[in-house]
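Visitor: Could you look at this predicted model? Sequence included:
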Amino acid sequence: SSSSSKVVEGGDAAKPLVAVAVVARPLVLQELVDAVSTPGAGAIATFSGVTRDNFDGKPVTHLEYEGYVPMAEQEMRKIGEQIRTKWAG
């Protein structure tokens, strides 16, 4: 499922100021950076986390996540909007 919030005043008409999506495919970092890059952006910060190959001496072979996608996207969108409101240039 994919969703994004509306473009608000001061944003690039082609790009939402807050965009969120829960996806089941691997992320491509450059695609995400490109999606939020604008001439007015002073910086774009990314974080890439990795999982260790073991836990309690046992190998980790995969991770499984469950969640209610519409609620997860709604909550992530609210967090993004709060961040934009607090630190908007």
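Guide: Received it, and whenever you're ready, just let me know what you need.

Visitor: where does the most centrally placed residue in the chain fall, helix, sheet strand or coil?
Guide: Among the residues of the chain, Val20 comes closest to the average C-alpha position under C-alpha atoms, centre = their mean, at 5.3 Å. Using DSSP: H, G, I helix; E, B strand; the rest coil, the structure places Val20 in strand.

Visitor: Quick check: closest non-adjacent residue to it.
Guide: Distances taken as C-beta to C-beta, 6 or more residues apart in numbering place Met76 nearest to Val20, at 4.2 Å, with adjacent residues excluded. For every residue, glycine as well, the C-beta is placed using N, CA and C.

Visitor: how many neighbours does the one you found have?
Guide: Met76: 16 surrounding residues under other C-beta atoms under 10 Å.

Visitor: all strands of the protein, in order?
Guide: Using DSSP state E, the strands of the chain run over residues 2-4, 19-21, 54-55, 58-59.

Visitor: Can you list the neighbours in contact with the last one?
Guide: Right, the one you point to is strand 58-59. For strand 58-59, contacts defined as C-beta atoms under 8 Å, 6 or more residues apart in numbering pick out Asp53.

Visitor: And the helices in this structure, which stretches?
Guide: Secondary structure of the chain by DSSP state H: the helices cover 29-36, 69-87.

Visitor: Would you single out the least confident of these?
Guide: Mean pLDDT is lowest for helix 29-36 among the helices of the chain, at a mean of 89.

Visitor: then that one to PDB, C-alphas only?
Guide: Extracted in PDB, the C-alpha atoms of helix 29-36 (Å, rounded to 0.1, in the frame of the first residue of the first chain):
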ATOM      1  CA  LEU A  29      17.700   4.700  -1.000                       C
ATOM      2  CA  GLN A  30      18.400   7.000  -4.000                       C
ATOM      3  CA  GLU A  31      14.700   6.800  -5.100                       C
ATOM      4  CA  LEU A  32      13.700   8.000  -1.700                       C
ATOM      5  CA  VAL A  33      16.300  10.800  -1.700                       C
ATOM      6  CA  ASP A  34      15.100  11.900  -5.200                       C
ATOM      7  CA  ALA A  35      11.500  11.900  -4.000                       C
ATOM      8  CA  VAL A  36      12.200  14.500  -1.300                       C
END
